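Novice: below: sequence and its predicted model.
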Amino acid sequence: MQNEKRIIIIGGGVAGLSAGIYAEQHGFHAVILEKNPVVGGMCVGWNRKGYYLDGCIHWLTGTKEGTLLNEMWKNVGAFKTQDDILYLPSWGTFEYQGQSVTLWRDLDRAEREWKELSPVDSKMIHKFFKMVKDFTKVELPLDLPLSMIPLNRKIALGLKVLSVWPSYLKTMTQSCEQFAAKFKSPAIRFALTKAQIGAGNLFSMIYSYATVVVGDGGVPIGASTPMVERMKEKFLSLGGALKVNANVDSVIIENGHAKGIKLLNGEEFRGDYVVSCLDTNYTLKRLLRDQYKFPAFQKRFDNPRRNPAPSCVMMHFAIDKNSNIPTPFSFECDKFSCGGLTIDHLTVRNYAYDETFTRGDKTILSVMVDQSSNEYAYWRKLSANRQLYLKIKNEIANDVKNRIIAKFPNLKDIELLDVCTPHTFNRYVNTSYGVYMSFLFTKKDPMFAHNGTVRGLKNFYLSGQWMQGPGGLPIAMTQGKFAIQRICKREKLSFVFSPIPVKKKA
């Protein structure tokens, strides 16, 4: 199966590493070019003041043994065994006006507690948990791109979806806010609208919760950095080549074919195929010099009010390891301003469950304050004045810190370690609008999916989370694989789902 052909992969995030691993396993030689000193892209952790901070993974779809995604994650080396995974008891606790609502993994317990809290909502509560149970029955077909799925499998999948079609129909056509308004309990309304960061439809929220319920949403120990380092080692062990601090300037195009890339320093890397695993808009506008039109994507990207994508201001604090703050935990707070939005709640994550994040008697508390693609203009303008930018960041961090202390007065000490904004995300990985995921599902535009080809440009593929909503790490990983599956199809090569590595010539 060895074919000696070379694939140049732009970006060493999860999509790029996945593409590189599958390329090497199928006889190609893959070269990954990463602009930063480390791999991972948005899946990243870093150190501040002696603490390890994580900037990405709160839970990961694909941690349940026996699922397609679990097999794929293990094939790319993200984790080796189930011992690498931690499971939290809930998807979150939400406190409003002194009442707590918890999305337990144990659905019977959750439904019982919700009904005890608000008997008048019993009928609606039962409907909600029935939809959650319905969504635990359907596993997405991520072993093949949609265009390659045989007709008989499409029919089988359609019949499976049809069995829970009423739940799909109800959730795809309404937002979390619309559904929450049907409940009498203010606490339940709060939980339903804050369970998922950013605006979005009910389907996305319930499907995410259902994933956690069935044990498919665990947390890899150490979160981002150990996971991507394992993927990097898997790629290198197969014979792949990795170059870090390699900022790509443009794609080399000759006679309508992608022939390689050129770095900012002028260095060139030539190959038979080029796969860009970067932000799609950055690839089209910057690397391809806006020469190729991609209307299916651009019409959404250019209208962020109709098609928002989630972003945030992320903060990390050091706190007492024995503070007993539940995780994740959302609570109402005094209003404050962030990025032009008025914020009325906070969601905190206490990392005491993972020793990776502890130092002595301290651990990490993270906070993600909601932002979206619509707020990026504020941060871009602010970043032009660095002194003012740092001042505003510090003010927001103090606002958050004071509200945490007000909520948890027994906290003996809380130390700010770091603050990241949408401008930080844009600067680090060139993500447009400073977002960390693709377009949210909405009533008008439920999902975006594309085959990654660019009309008029051969031997070039787009990959990464933007190619299929709502994005995230599982989509990034599968889209990296999809790019290689498409190349294998073009080369008339068989694609093996979990292949035995090809032996390369010395």
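Specialist: Yes, it's here.

Novice: without its sequence neighbours, what residue ends up closest to residue 396?
Specialist: In space, and not counting its chain neighbours, residue 396 is closest to residue 338: 5.3 Å by Cβ to Cβ, 6 or more residues apart in numbering. To be clear about C-beta, it is placed using only N, CA and C from the backbone, and glycine gets the same treatment.

Novice: hmm, residue 314 and the one you found touching each other?
Specialist: No - with contact defined as Cβ atoms under 8 Å, residue 338 does not reach residue 314; the gap is 11.4 Å.

Novice: residues shared between the contacts of those two?
Specialist: residue 369 (Cβ atoms under 8 Å, 6 or more residues apart in numbering).

Novice: before we move on, back to that, ok, the residue nearest to residue 396 - contacts?
Specialist: Contacts for residue 338 (Cβ under 8 Å, 6+ apart) come out as 313, 369, 371, 396, 399.

Novice: now residue 347: how far from residue 47?
Specialist: 24 Å (Cβ to Cβ, to the nearest Å).

Novice: show me where the stretch 101-250 of the chain has strands.
Specialist: 217-220, 241-243, 248-254 (DSSP state E, counting those that start in this stretch).

Novice: low-confidence ranges in the stretch 351-500 of the chain?
Specialist: Along the stretch 351-500 of the chain, the model assigns pLDDT under 70 to residues 498-500.

Novice: so which residues of it form strands?
Specialist: Secondary structure of the stretch 351-500 of the chain (DSSP E, counting those that start in this stretch): strands at 362-372, 414-420, 453-454, 457-462.

Novice: and residue 347 and residue 47? Which one has more around it.
Specialist: residue 347 (21 against 11; other Cβ atoms under 10 Å).

Novice: that one is in what secondary structure piece?
Specialist: strand 341-350 (DSSP states H and E).

Novice: longest helix of this structure?
Specialist: helix 386-407 (DSSP state H).

Novice: list the contacts of residue 92.
Specialist: Contacts of residue 92 by Cβ under 8 Å, 6+ apart are 102-103, 191, 195, 328-330, 347.

Novice: highest neighbour count among those residues?
Specialist: Busiest of the contacts of residue 92 [other Cβ under 10 Å] is residue 191, holding 25 neighbours.

Novice: how near is that residue to residue 443?
Specialist: Taken as Cβ to Cβ, the span from residue 191 to residue 443 is 21 Å.

Novice: next: residue 381.
Specialist: Residue 381 is 31 Å from residue 443, by Cβ to Cβ.

Novice: report the contact partners of the residue nearest the centre of the chain.
Specialist: With distances taken as Cα atoms, centre = their mean, the chain has residue 472 as the residue nearest its mean C-alpha position (2.5 Å). Residue 472 makes contact with 61, 437-438, 465 under the criterion Cβ under 8 Å, 6+ apart.

Novice: what's the farthest-apart pair in the residues you listed?
Specialist: Spanning the widest gap among the contacts of residue 472 are 61 and 438, at 14.6 Å by Cβ to Cβ.

Novice: so for these two, which sits in the more crowded spot?
Specialist: Higher neighbour count among residue 61 and residue 438: residue 438, with 27 against 23, using other Cβ under 10 Å.

Novice: what's the offset of the longest helix of the chain from the middle of its chain?
Specialist: Helix 386-407 sits 26 Å away from the centroid of its parent chain (Cα atoms, centre = their mean, to the nearest Å).

Novice: also stretch 86-101?
Specialist: For stretch 86-101, the distance to the chain centre is 22 Å (Cα atoms, centre = their mean).

Novice: leaving out the residues flanking it, which one is nearest to residue 289?
Specialist: Nearest residue to residue 289, sequence neighbours excluded (Cβ to Cβ, 6+ apart): residue 250, at 6.6 Å.

Novice: burial of that neighbour, as a residue count?
Specialist: Counted with other Cβ under 10 Å, residues neighbouring residue 250 total 15.

Novice: now residue 468
Specialist: 25.

Novice: hey, what's it bridged with?
Specialist: Following DSSP bridges, residue 468 is listed with bridge partners residue 449.

Novice: and it, what does it touch?
Specialist: 438, 447-450, 475, 478-479.

Novice: which one among those residues gets closest to residue 208?
Specialist: residue 475 (12.9 Å).

Novice: check whether that closest one really touches residue 449, as I assumed.
Specialist: No - contact criterion Cβ under 8 Å: residue 475 and residue 449 do not qualify, at 9.7 Å.

Novice: and for the two, which residues touch both?
Specialist: 467-469.

Novice: picking up where we left off before, bridged to the residue nearest to residue 396, which residues?
Specialist: Residues in beta-bridge contact with residue 338 (DSSP bridges): residue 341.

Novice: residue 329 contacts residue 345, doesn't it?
Specialist: No - assessed by Cβ under 8 Å, residue 329 is found out of contact with residue 345, at 10.6 Å.

Novice: what strand or helix carries residue 23?
Specialist: helix 14-25.

Novice: list the buried residues in that helix.
Specialist: Buried residues in helix 14-25, counted by 16 or more other Cβ atoms under 10 Å: 14-25.

Novice: and for stretch 376-389?
Specialist: In stretch 376-389, counting by 16+ other Cβ under 10 Å, buried: 376, 378-379, 382-383, 389.

Novice: what sits opposite the closest residue to residue 256 other than its chain neighbours in the beta ladder?
Specialist: Excluding the flanking residues, the one nearest residue 256 by Cβ to Cβ, 6+ apart is residue 458, at 5.8 Å. Applying DSSP bridges to residue 458 gives these bridge partners: residue 257.

Novice: can I assume residue 458 is in contact with residue 258?
Specialist: Yes - contact criterion Cβ under 8 Å: residue 458 and residue 258 qualify, at 7.0 Å.

Novice: burial count for residue 266?
Specialist: 7.

Novice: wasn't it part of a strand?
Specialist: No - secondary structure of residue 266 (DSSP: H, G, I helix; E, B strand; the rest coil): coil, not part of a strand.

Novice: one step back: in helices only, show me the contacts of residue 472.
Specialist: Going by DSSP H, the helices hold none of these.
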